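# mind folding the following:
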Amino acid sequence: MTTTSDHSRGIGAASLLLQFFPLSCFLFAAFRHGNPQPEDWLIAFMVGGAAAVLQVILAMILARSRPLDRLILGVNIYLIVGGLSALTNQLWILQALNDLRESGLFLCLLAVGVLTTLGSKAGFVGQADSHGQSRTKRYSLALLLLAIIATIPSFLVRGQLVFSAVIPLTLLTLVNRWFASRIRRP
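Got it, this is the predicted structure:
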């Protein structure tokens with residue numbers, strides 16, 4: 001017989017596997033023919049943006065009272081902005097995203113980080129502290145500082161995806177999970 005906790009764990013595992021699905025769709029659409037051309041980026045933003053909208057809606061339905069993953073939310077906002085810009089032919093936004101490259105993604109992460117650190121009980125780490133807000137605020141500020149530091153290589157080595165996006169985003173994700181686990185401890 002399946003218990004509620006088994007069902008919750010199953011949803012949690014599926015959500016972990018699918019959290020970077022929109023970004024994966026975006027990258028697949030962009031690089032499906034090798035070196036991306038401008039039209040590949042337009043298609044990639046539309047595909048990634050659509051996947052991001054679906055993921056945010058599903059996350060809000062499934063998460064219920066749990067806060068959305070802030071890093072994933074930042075990535076999804078980046079994809080949604082790009083997708084809407086491509087769909088509505090907002091060339092100035094698309095040009096800015098082209099100039100920023102991976103840095104645009106990190107600027108979205110920083111915006112989410114500032115807003116959630118200042119305006120949410122769960123902060124940027126996405127984990128409310130049952131023993132007061134001091135640990136959430138402290139870890140959120142630390143994660144925000146790390147996100148600022150992660151933004152630097154995204155500007156310095158734009159176009160080199162592994163160093164400008166994959167490694168910094170992976171490290172932020174791991175640190176965020178560690179911070180959240182520390183907050184959950186009594």
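
# sec struct for Ser130, please.
On the three-state scheme (DSSP: H, G, I helix; E, B strand; the rest coil), Ser130 is labelled coil.

# after the longest helix along the chain comes which helix or strand?
Longest helix in the chain, counting residues (DSSP state H): helix 38-63. Downstream of helix 38-63, the first helix or strand assigned by DSSP states H and E is helix 70-87.

# and for the very next helix or strand once past that next one, what's in contact with it?
Sequence-wise, the next helix or strand downstream of helix 70-87 (DSSP H and E) is helix 91-100. Helix 91-100 is contacted from outside by 41-42, 45, 81-82, 85-86, 104, 107, 158, using Cβ atoms under 8 Å, 6 or more residues apart in numbering. (Glycine included, C-beta is placed from N, CA and C.)

# the protein - how does it break down into domains?
1-88, 101-186 (automatic domain parsing).

# CSV for these, including mean neighbour count and mean pLDDT?
Below are the domains of the chain laid out as CSV (neighbours: other Cβ atoms under 10 Å; pLDDT from 0 to 100):
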stretch, mean neighbour count, mean pLDDT
domain 1-88, 16, 84
domain 101-186, 18, 92
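
# can you list these in CSV and add distance to Gln95?
Below are the domains of the chain laid out as CSV (distance: least, Cβ to Cβ, whole Å):
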stretch, distance to Gln95
domain 1-88, 10
domain 101-186, 11
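
# name the helices or strands packed onto the longest helix of the chain?
Secondary-structure packing of helix 38-63 (3 or more Cβ pairs under 8 Å, 6 or more residues apart in numbering; DSSP states H and E): helix 4-18, helix 21-31, helix 70-87, helix 91-100.

# and the angle from it to helix 21-31?
Interaxial angle of helix 38-63 relative to helix 21-31 (axes from the mean of the first three to the mean of the last three Cα atoms, to 10 degrees): 170 degrees.

# and stretch 140-153, how far out from the chain middle?
Put simply, stretch 140-153 sits 14 Å off its chain's centre (Cα atoms, centre = their mean, to the nearest Å).

# if I pick the spatially closest residue to Val112 that is not a sequence neighbour, what's in contact with it?
Spatial nearest neighbour of Val112, excluding adjacent residues (Cβ to Cβ, 6 or more residues apart in numbering): Gly74 at 4.1 Å. Residues near Gly74 by Cβ under 8 Å, 6+ apart: 105, 108-113.

# now the two most distant members of these.
Leu105 and Gly113 (12.6 Å; Cβ to Cβ).

# alright, calling it a day.
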